[in-house]
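In: Below is the sequence, then the predicted model.
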Amino acid sequence: MNEINQGGVQREEPPVLGYYRAYCALLLVVWLIVTPVLIWILISQGSEFPLTGTGMAHVDRMMEELEAQRRAEMMGRAMLPIGLCLVLSIPVAIAFTLKPSPGSWIYHIVIICLGLSGCTLPISVLLLIYWFQPRTQAYFGRSTPE
(Lines give C-alpha, C1' and ligand atoms only; values in the text may rest on other atoms or scores of the structure.)
Protein backbone atom coordinates (compact mmCIF):
# COMPACT_ATOMS: atom_id res chain seq x y z
CA MET A 1 0.00 0.00 0.00
CA ASN A 2 1.04 3.55 -0.57
CA GLU A 3 2.08 5.59 2.38
CA ILE A 4 2.13 9.34 2.52
CA ASN A 5 4.07 11.61 4.82
CA GLN A 6 2.08 14.69 5.79
CA GLY A 7 3.22 16.89 8.61
CA GLY A 8 5.69 14.26 9.81
CA VAL A 9 2.94 11.63 10.17
CA GLN A 10 3.00 8.48 8.07
CA ARG A 11 -0.47 7.65 6.78
CA GLU A 12 -1.26 4.36 5.11
CA GLU A 13 -3.62 4.62 2.17
CA PRO A 14 -6.94 2.93 2.95
CA PRO A 15 -8.12 0.22 0.50
CA VAL A 16 -11.25 2.22 -0.36
CA LEU A 17 -9.11 4.68 -2.35
CA GLY A 18 -8.38 2.05 -5.00
CA TYR A 19 -12.09 1.40 -5.38
CA TYR A 20 -12.77 5.13 -5.45
CA ARG A 21 -10.28 5.63 -8.28
CA ALA A 22 -11.91 2.79 -10.24
CA TYR A 23 -15.31 4.41 -9.60
CA CYS A 24 -14.07 7.77 -10.94
CA ALA A 25 -12.62 6.06 -14.00
CA LEU A 26 -15.97 4.32 -14.57
CA LEU A 27 -17.84 7.62 -14.33
CA LEU A 28 -15.47 9.24 -16.80
CA VAL A 29 -15.76 6.37 -19.27
CA VAL A 30 -19.55 6.27 -19.05
CA TRP A 31 -19.95 10.03 -19.44
CA LEU A 32 -17.39 10.30 -22.22
CA ILE A 33 -19.07 7.43 -24.10
CA VAL A 34 -22.58 8.80 -23.58
CA THR A 35 -21.62 12.22 -24.98
CA PRO A 36 -20.73 11.07 -28.54
CA VAL A 37 -23.71 8.69 -28.55
CA LEU A 38 -26.03 11.59 -27.73
CA ILE A 39 -24.40 13.71 -30.44
CA TRP A 40 -24.80 10.87 -32.95
CA ILE A 41 -28.48 10.48 -32.03
CA LEU A 42 -28.97 14.22 -32.39
CA ILE A 43 -27.38 14.25 -35.84
CA SER A 44 -29.11 11.13 -37.13
CA GLN A 45 -32.61 12.14 -36.00
CA GLY A 46 -32.92 14.81 -38.69
CA SER A 47 -32.78 12.36 -41.59
CA GLU A 48 -35.41 9.79 -40.62
CA PHE A 49 -38.79 10.65 -42.10
CA PRO A 50 -39.33 13.93 -43.92
CA LEU A 51 -42.81 15.31 -43.41
CA THR A 52 -42.87 17.29 -46.67
CA GLY A 53 -43.71 16.28 -50.23
CA THR A 54 -47.51 16.10 -50.13
CA GLY A 55 -47.91 18.07 -53.34
CA MET A 56 -49.87 20.92 -51.77
CA ALA A 57 -47.74 24.03 -51.27
CA HIS A 58 -49.49 25.38 -48.17
CA VAL A 59 -49.42 21.97 -46.47
CA ASP A 60 -45.74 21.57 -47.41
CA ARG A 61 -44.89 24.96 -45.86
CA MET A 62 -46.75 24.09 -42.69
CA MET A 63 -45.04 20.69 -42.51
CA GLU A 64 -41.62 22.31 -43.06
CA GLU A 65 -42.33 24.69 -40.17
CA LEU A 66 -43.36 21.78 -37.97
CA GLU A 67 -40.24 19.85 -38.99
CA ALA A 68 -37.99 22.83 -38.16
CA GLN A 69 -39.75 23.26 -34.83
CA ARG A 70 -39.36 19.54 -34.07
CA ARG A 71 -35.63 19.64 -34.89
CA ALA A 72 -35.07 22.72 -32.72
CA GLU A 73 -36.92 21.05 -29.85
CA MET A 74 -34.86 17.84 -30.25
CA MET A 75 -31.66 19.83 -30.34
CA GLY A 76 -32.56 21.61 -27.11
CA ARG A 77 -33.42 18.33 -25.41
CA ALA A 78 -30.19 16.69 -26.54
CA MET A 79 -27.84 19.54 -25.70
CA LEU A 80 -28.68 19.49 -21.99
CA PRO A 81 -27.48 15.90 -21.35
CA ILE A 82 -24.48 16.43 -23.64
CA GLY A 83 -23.50 19.52 -21.69
CA LEU A 84 -24.06 17.81 -18.34
CA CYS A 85 -21.91 14.83 -19.32
CA LEU A 86 -19.05 17.06 -20.42
CA VAL A 87 -19.31 19.46 -17.47
CA LEU A 88 -19.52 16.67 -14.88
CA SER A 89 -16.49 14.93 -16.37
CA ILE A 90 -14.26 17.84 -15.37
CA PRO A 91 -14.68 17.56 -11.56
CA VAL A 92 -14.29 13.79 -11.75
CA ALA A 93 -11.03 14.17 -13.66
CA ILE A 94 -9.83 16.73 -11.10
CA ALA A 95 -10.49 14.21 -8.31
CA PHE A 96 -7.51 12.15 -9.51
CA THR A 97 -5.12 15.04 -8.86
CA LEU A 98 -6.13 16.11 -5.34
CA LYS A 99 -3.78 15.50 -2.44
CA PRO A 100 -5.19 14.15 0.84
CA SER A 101 -6.62 16.99 2.94
CA PRO A 102 -9.84 17.61 4.86
CA GLY A 103 -11.15 19.69 1.96
CA SER A 104 -10.40 17.02 -0.61
CA TRP A 105 -12.21 14.45 1.56
CA ILE A 106 -15.38 16.55 1.18
CA TYR A 107 -14.73 17.05 -2.54
CA HIS A 108 -14.52 13.29 -3.00
CA ILE A 109 -17.81 12.82 -1.12
CA VAL A 110 -19.48 15.17 -3.60
CA ILE A 111 -18.07 13.10 -6.48
CA ILE A 112 -19.36 9.91 -4.88
CA CYS A 113 -22.80 11.50 -4.43
CA LEU A 114 -22.94 12.30 -8.16
CA GLY A 115 -23.31 8.56 -8.70
CA LEU A 116 -26.30 8.28 -6.38
CA SER A 117 -28.61 9.43 -9.16
CA GLY A 118 -27.57 6.94 -11.81
CA CYS A 119 -26.66 3.36 -12.55
CA THR A 120 -23.73 3.56 -10.13
CA LEU A 121 -26.02 3.82 -7.08
CA PRO A 122 -24.93 0.53 -5.44
CA ILE A 123 -21.24 1.40 -5.88
CA SER A 124 -21.80 4.90 -4.52
CA VAL A 125 -23.57 3.64 -1.40
CA LEU A 126 -20.75 1.20 -0.64
CA LEU A 127 -18.13 3.89 -1.20
CA LEU A 128 -19.96 6.26 1.15
CA ILE A 129 -20.07 3.63 3.87
CA TYR A 130 -16.31 3.13 3.68
CA TRP A 131 -15.58 6.82 3.11
CA PHE A 132 -16.95 7.70 6.56
CA GLN A 133 -14.79 5.14 8.34
CA PRO A 134 -12.25 6.64 10.77
CA ARG A 135 -9.31 5.14 8.87
CA THR A 136 -10.27 6.95 5.66
CA GLN A 137 -10.97 10.20 7.46
CA ALA A 138 -7.62 10.00 9.28
CA TYR A 139 -5.84 9.50 5.96
CA PHE A 140 -7.32 12.78 4.76
CA GLY A 141 -6.37 14.56 7.99
CA ARG A 142 -9.86 14.82 9.42
CA SER A 143 -10.30 14.39 13.12
CA THR A 144 -12.78 11.66 13.87
CA PRO A 145 -15.06 11.73 16.89
CA GLU A 146 -14.39 8.78 19.18
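Out: Looks like it arrived, so ask away. Residues are numbered from 1 along each chain as shown.
In: tell me the phi and psi of residue 12?
Out: phi -80, psi 140 (degrees, to the nearest 10).
In: Show the pLDDT at it.
Out: The model reports residue 12 with a pLDDT of 84.
In: and residue 11, which of the three is it?
Out: strand (DSSP: H, G, I helix; E, B strand; the rest coil).
In: what about it, how many neighbours?
Out: 17 (other C-beta atoms under 10 Å). Glycine gets a C-beta too; all of them are placed from N, C-alpha and C.
In: try residue 134
Out: With other C-beta under 10 Å as criterion, residue 134 counts 13.
In: what about the helices in this protein?
Out: 16-45, 57-95, 102-114, 121-131, 134-139 (DSSP state H).
In: Need these in a markdown table (columns: mean pLDDT).
Out: Below are the helices of the chain laid out as a markdown table (pLDDT from 0 to 100):
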| stretch | mean pLDDT |
| --- | --- |
| helix 16-45 | 85 |
| helix 57-95 | 79 |
| helix 102-114 | 94 |
| helix 121-131 | 95 |
| helix 134-139 | 92 |
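In: Can you tell me which residue sits nearest the middle of the chain?
Out: Central residue of the chain (C-alpha atoms, centre = their mean): residue 88, 4.5 Å from the mean position.
In: Tell me who's in contact with that residue.
Out: 27, 31, 114 (C-beta atoms under 8 Å, 6 or more residues apart in numbering).
In: so what's residue 101 closest to, chain neighbours aside?
Out: Sequence neighbours aside, residue 141 is the residue nearest to residue 101 in space, at 5.8 Å (criterion: C-beta to C-beta, 6 or more residues apart in numbering).
In: Was I right to think that neighbour contacts residue 102?
Out: Yes: under the criterion of C-beta atoms under 8 Å, residue 141 makes contact with residue 102 at 5.3 Å.
In: Have a look at these two and say which one is more surrounded.
Out: Remark: of residue 141 and residue 102, residue 141 carries more neighbours, 17 against 12, as counted by other C-beta under 10 Å.
In: give the contact list for the residue nearest to residue 121 when sequence neighbours are not counted.
Out: In this structure, residue 121 finds its nearest non-sequential neighbour in residue 115, 6.7 Å apart by C-beta to C-beta, 6+ apart. In this structure, residue 115 makes contact with 23, 27, 121, 123-124, 127, judged by C-beta under 8 Å, 6+ apart.
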